[in-house]
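Chemist: Coordinates only, no sequence provided:
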């Protein structure tokens, strides 16, 4: 069979964001993973809309020329419209094509996703084997973990068990991407292209804003030896830097240390970073020292708020003093520190937003990013707001972490005030005299001052 896997354009997500100038463009790990399960038996192509100027026109051309039997698309909540349009294009050109979707939104709202689009099948949760069973022609009634349309009705099959031993998964099919067309962005990587590495799945923690519909709460891992073998596979494929994609890389600190030790023992030299974030309570000095020695140059921490009560409201499970201590130790071990923050969280007030800005500056982080709290489907936050009648719209394109949109009613804050403090965070953090001097000296030392001035001018302040 001919299979076309599609990654919709994410341009709309970052269009009005403060971080647009530094957004990286990397090959999609989920598509590389799904493709790996079907490439031995089928003809597979990947269409990444983010590397084309006119992606829909190029998608039409690919469908006409390649004439796929199946089209698979992965998408997040704000890209629902982009998914719909991609599927409609495919159906318009080839009405008999079977269209399949997966990912966080499809797994969270499979019925709504099918009813609101031209899709034929939705894969819920891990799609590695469900997708291959579909394209291999297994009877659809016997495939676990899918929803599908039949005679105008939506049929729900029994759920699929989670993959317990991740070592059985094939290496991602990176050879299906032309790595020359990708740039990881100079702000968020030292070398390009950077590739995503999955070492584990699942997260045992219960933060109110986090969606667990794909990998769930059970923490499952690839062995340290498998991880290092996959790193070698990525470096041989042409990646120059590696970014950890896990929800919770350091949940098992001993395993994380083992991975670092094996990288060192193998003599592998490459830059890497924990770009999706690790927990403040998931590291110790020994691990941070090993990470640095193994090539990690920057750690990303999910800090979220500078107010303890707000942190408790979202069930973050960390203390502000822990944050201060871990940031200090990370810097002492020679690592750059990047902090993730959120605004308009449950219980947030103008005073707590001020606390967060003050705390971010106090920590003296190397970089920081502020996101707007979005109650994504299947999260505790969404369910609570939905029950309370506070969700204002199901226009999924408005569920954007980087763009102000009046999608829910916050009990204490107007959206104008949220927008004011979103902008205020970036202005106060990055335009402090102390930060400007420190960053300018570092940029001069690295020979990057003109590049960074360009990024500054390209950012919408």
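Modeler: Now that the structure is in, tell me what you want to look at. No experiment lies behind these values; they were computed from the predicted model shown. Numbers count the residues shown, from 1 in each chain.

Chemist: okay, CA-based contacts and neighbour counts for the rest of this
Modeler: OK.

Chemist: quick one: secondary structure of residue 195?
Modeler: With DSSP: H, G, I helix; E, B strand; the rest coil as the basis, the three-state label of residue 195 is strand.

Chemist: Give me the distance between it and residue 121.
Modeler: 29 Å (C-alpha to C-alpha, to the nearest Å).

Chemist: Specify the residue ranges that define each domain of the chain.
Modeler: In the assignment given by automatic domain parsing, the structural domains of the chain cover 2-156, 183-430.

Chemist: With mean neighbour count added, can I get the ones you listed in CSV?
Modeler: Supplementary listing: the domains of the chain in CSV, determined by neighbours: other C-alpha atoms under 10 Å:
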stretch, mean neighbour count
domain 2-156, 19
domain 183-430, 19
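
Chemist: Can you tell me which of these is nearest to residue 177?
Modeler: Across these, residue 177 has its closest neighbour in domain 2-156 (6.9 Å, C-alpha to C-alpha).

Chemist: pLDDT on the closest one, on average?
Modeler: The predicted model assigns domain 2-156 a mean pLDDT of 92.

Chemist: Determine how far the last residue of it lies from the first.
Modeler: Between the opening and closing residues of domain 2-156 we find a distance of 26 Å, counting by C-alpha to C-alpha.

Chemist: Tell me where the stretch 251-400 of the chain has helices.
Modeler: Counting by DSSP state H, counting those that start in this stretch, the stretch 251-400 of the chain has these helices, from start to end: 253-266, 285-293, 308-313, 320-332, 350-363, 380-387.

Chemist: Turn the domains of the chain into CSV, including distance to residue 436.
Modeler: As requested, the domains of the chain are arranged in CSV below (distance: least, C-alpha to C-alpha, whole Å):
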stretch, distance to residue 436
domain 2-156, 17
domain 183-430, 7
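
Chemist: Identify the residue nearest the geometric centre of the protein.
Modeler: The C-alpha lying nearest the average C-alpha coordinate of the chain belongs to residue 276 (C-alpha atoms, centre = their mean; 6.5 Å).

Chemist: Which residues does the helix or strand harbouring residue 422 contact?
Modeler: Assignment of secondary structure by DSSP states H and E places residue 422 within helix 415-430. Among residues not part of helix 415-430, those counted as contacts by C-alpha atoms under 8 Å, 6 or more residues apart in numbering are 18, 343-344, 350, 353, 357, 360-361, 368-372, 404-406, 435-436, 461.

Chemist: which residues touch the closest residue to the residue nearest to the centre of the chain other than its chain neighbours?
Modeler: Closest residue to residue 276 apart from its sequence neighbours, by C-alpha to C-alpha, 6 or more residues apart in numbering: residue 245 at 5.7 Å. For residue 245, the set of contacting residues under the criterion of C-alpha under 8 Å, 6+ apart consists of 196, 197, 198, 199, 274, 275, 276.

Chemist: For the third one, list the residues it contacts.
Modeler: For residue 198, the residues meeting the contact criterion (C-alpha under 8 Å, 6+ apart) are 244, 245, 246.

Chemist: same question, the fourth one
Modeler: Residues in contact with residue 199 (C-alpha under 8 Å, 6+ apart) are 221, 222, 223, 227, 244, 245, 246, 249.

Chemist: now those in JSON lines, with secondary structure, pLDDT and distance to residue 58?
Modeler: JSON lines is the format used below for the contacts of residue 199 (DSSP: H, G, I helix; E, B strand; the rest coil; pLDDT from 0 to 100; distance: C-alpha to C-alpha, whole Å):
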{"residue": "221", "secondary structure": "strand", "pLDDT": "97", "distance to residue 58": "38"}
{"residue": "222", "secondary structure": "coil", "pLDDT": "98", "distance to residue 58": "37"}
{"residue": "223", "secondary structure": "coil", "pLDDT": "97", "distance to residue 58": "40"}
{"residue": "227", "secondary structure": "helix", "pLDDT": "98", "distance to residue 58": "35"}
{"residue": "244", "secondary structure": "strand", "pLDDT": "97", "distance to residue 58": "30"}
{"residue": "245", "secondary structure": "coil", "pLDDT": "96", "distance to residue 58": "28"}
{"residue": "246", "secondary structure": "coil", "pLDDT": "96", "distance to residue 58": "32"}
{"residue": "249", "secondary structure": "coil", "pLDDT": "97", "distance to residue 58": "37"}
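
Chemist: Surely residue 148 is within a helix?
Modeler: No. Read with three-state DSSP, residue 148 is strand and lies in no helix.

Chemist: Show me what it is bridged to.
Modeler: residue 121, residue 155 (DSSP bridges).

Chemist: Tell me the spacing between it and residue 74.
Modeler: Applying C-alpha to C-alpha to residue 148 and residue 74 gives a distance of 16 Å.

Chemist: Next: residue 293.
Modeler: Between residue 293 and residue 74 the distance, using C-alpha to C-alpha, works out to 36 Å.

Chemist: for residue 270, same thing?
Modeler: Here residue 270 is placed at a distance of 29 Å from residue 74 (C-alpha to C-alpha).

Chemist: What of residue 81?
Modeler: Applying C-alpha to C-alpha, one obtains 12 Å for the distance of residue 81 from residue 74.

Chemist: repeat for residue 183
Modeler: As for residue 183, its distance to residue 74 is 21 Å (criterion: C-alpha to C-alpha).

Chemist: What of residue 2?
Modeler: Note on residue 2: its distance to residue 74, by C-alpha to C-alpha, is 17 Å.

Chemist: again with residue 337
Modeler: From residue 337 over to residue 74 (counting by C-alpha to C-alpha), the distance is 31 Å.

Chemist: and what of residue 329?
Modeler: Per C-alpha to C-alpha, residue 329 is found 38 Å from residue 74.
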